[in-house]
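A.B. asks: Fold the following.
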Amino acid sequence: MSDLIGSVANLTGYRDRDLIDSTFVSVLGDWLDPLRLNLYRCVGDGSDLRLLLQAGMEKGQGMVAADPSWTPLEALPQLSSRPQFEQAFAQDEPLLDLPLRDDEGPWLNLFAVWAGPRRFGIIELISEQPLLPVQLRLVSGLLKIYRNQITLLDYSERDSLTGLLNRKTFDEQFLKCIEPTKDDRSLSWWLGVIDIDHFKLVNDNFGHLIGDEVLLLVARLLRSAFRQSEQLYRFGGEEFIVLLRAEHEGEAMLAFEFFREQLAAFSFPQVGTVTASVGFTRVRAMDNASSAVDRGDRAVYHAKKHGRNQVHSHEALLRSDEVLEVDNCGAIELF
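C.D. replies: This is a model prediction of the structure:
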């Protein structure tokens, strides 16, 4: 029992979502000894949800590699292609003791995972024998702790108005972008700064309630324009940050141009047309968060100065001598 309490203490001590996921799977696996145990997140549009493996383990192999967060949606299995998963995701009660081959097992058990009102995942547990009542109570108890932990993380990581990730989370997550990885070395991280044009006039002319509605709708357009693997942040006021992976500058430009066009074409209630100026830059190996954002900001400033409603790459502006390089990569942030 003391080992279980210690494992739960470790689970509740983490503030990193990946660590929480892998620890949760590890604790369940240690106490249930399943043939296979996987934690999936359901990602994508509501009409086409896909299964992204967050953490998993197999008997005799231990923990298995999770799907990278930037895996293209089309490469992930559809939730609808697995009817039992789809059924479990839609209901509160788990699906238990489903025979995979015959009446002798092994047995498939599926549990929906949610945080607050938001359903976001499924646990797949394959056991040699049907789960005993004491094992079900263990799974139920650990699930409640896991859900509570994710709910607390959502509350602390997200902007209260838009539901996007907040600035504090950006500062914490940025370091992961410069960590070396063996996966998709051809892909680079790109940081985009998006600043709504003339947003002060929206507040002055229509009031702050309408201004908040504009921010909510911009956040919705961001979610629809970028893929699930892109990281979207409200940086403060009318400024947003996007972290995405792309092979080259042109591919990143296409992604940011697509959002700019979608935003400019959208009719905002009472306000009408709203545009944004966008600057983006490649994340460098020795970057810190402020240096990358500074380069994006300088590209945004260039867009504002030259008519707004534009997308500019900091690297392209360097090549054309329209901005100067400021080498503050790796600088120590004191304040």
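
A.B. asks: Sheet partners, orientation included, of the helix or strand containing Trp189?
C.D. replies: In this assignment (DSSP states H and E), Trp189 forms part of strand 188-196. Paired with strand 188-196 in the same sheet, following DSSP bridges, are strand 239-246 (antiparallel), strand 276-282 (antiparallel).

A.B. asks: winner for burial among those strands?
C.D. replies: Neighbour counts averaged per stretch over the strands paired with strand 188-196 are highest for strand 276-282, at a mean of 26; criterion: mean count of other CB atoms under 10 Å. Where you see a C-beta, it was placed from the backbone N, CA and C, and this is true even at glycine.

A.B. asks: export that one as CSV, just CAs?
C.D. replies: Coordinates of the C-alpha atoms in strand 276-282 are reproduced here as CSV (Å, rounded to 0.1, in the frame of the first residue of the first chain):
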residue,chain,number,x,y,z
ALA,A,276,-3.9,40.9,-38.2
SER,A,277,-0.2,41.5,-38.9
VAL,A,278,1.9,38.4,-38.6
GLY,A,279,5.7,37.9,-38.2
PHE,A,280,7.4,34.6,-37.9
THR,A,281,10.9,33.2,-37.4
ARG,A,282,12.7,29.9,-37.2
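
A.B. asks: same question for that strand, mean pLDDT?
C.D. replies: Mean pLDDT, computed over strand 276-282, is 97.

A.B. asks: and the angle from the following helix or strand past that strand to strand 239-246?
C.D. replies: The helix or strand immediately downstream of strand 276-282 is helix 289-305, counting by DSSP H and E. Here the directions of helix 289-305 and strand 239-246 differ by 110 degrees (axes from the mean of the first three to the mean of the last three CA atoms, to 10 degrees).

A.B. asks: Output the contacting helices and strands for helix 289-305.
C.D. replies: Where contact means 3 or more CB pairs under 8 Å, 6 or more residues apart in numbering; DSSP states H and E, helix 289-305 is packed against helix 167-177, strand 188-196, strand 276-282, strand 311-313, helix 314-319.

A.B. asks: Go again with 10 Å.
C.D. replies: helix 167-177, strand 188-196, strand 231-236, strand 239-246, strand 276-282, strand 311-313, helix 314-319 (3 or more CB pairs under 10 Å, 6 or more residues apart in numbering; DSSP states H and E).

A.B. asks: if we can go back for a sec, who does whichever helix or strand comes after the strand holding Trp189 touch, helix- and strand-wise?
C.D. replies: Going down the chain from strand 188-196, the next helix or strand is helix 199-206, by DSSP H and E. Secondary-structure packing of helix 199-206 (3+ CB pairs under 10 Å, 6+ apart): helix 208-225.

A.B. asks: Buried residues of the helix it packs on, list them for me.
C.D. replies: For helix 208-225, the neighbour count (16 or more other CB atoms under 10 Å) marks 210-211, 213-215, 217-219, 221-223, 225 as buried.

A.B. asks: quick one: average confidence on it?
C.D. replies: Mean predicted confidence for helix 208-225 is 95.

A.B. asks: coming back round to it: for the helices and strands packed on helix 289-305, which one sits closest to Arg119?
C.D. replies: Each of the helices and strands packed on helix 289-305 has some distance to Arg119 by CB to CB; the shortest is strand 231-236, at 19.9 Å.

A.B. asks: now that closest one: how far from the chain's centre is it?
C.D. replies: 11 Å (CA atoms, centre = their mean, to the nearest Å).

A.B. asks: Next: stretch 278-287.
C.D. replies: With CA atoms, centre = their mean, you get 19 Å for stretch 278-287.

A.B. asks: which residues of the stretch 1-150 of the chain fall in helices?
C.D. replies: According to DSSP state H, counting those that start in this stretch, the stretch 1-150 of the chain carries its helices in the segments 2-13, 17-32, 83-90, 133-157.

A.B. asks: what packs against the first one?
C.D. replies: Contact partners of helix 2-13 among helices and strands, from 3+ CB pairs under 10 Å, 6+ apart: helix 17-32, helix 133-157.

A.B. asks: Flag every buried residue along stretch 288-300.
C.D. replies: Under the neighbour-count criterion of 16+ other CB under 10 Å, stretch 288-300 has 288-289, 291-300 buried.

A.B. asks: Tell me the one among those residues nearest to Arg36.
C.D. replies: Ala289 (38.3 Å).

A.B. asks: pLDDT value on the most centrally placed residue in the chain, please?
C.D. replies: Nearest to the geometric centre of the chain sits Gln231, at 5.3 Å (CA atoms, centre = their mean). Predicted confidence (pLDDT) for Gln231: 89.
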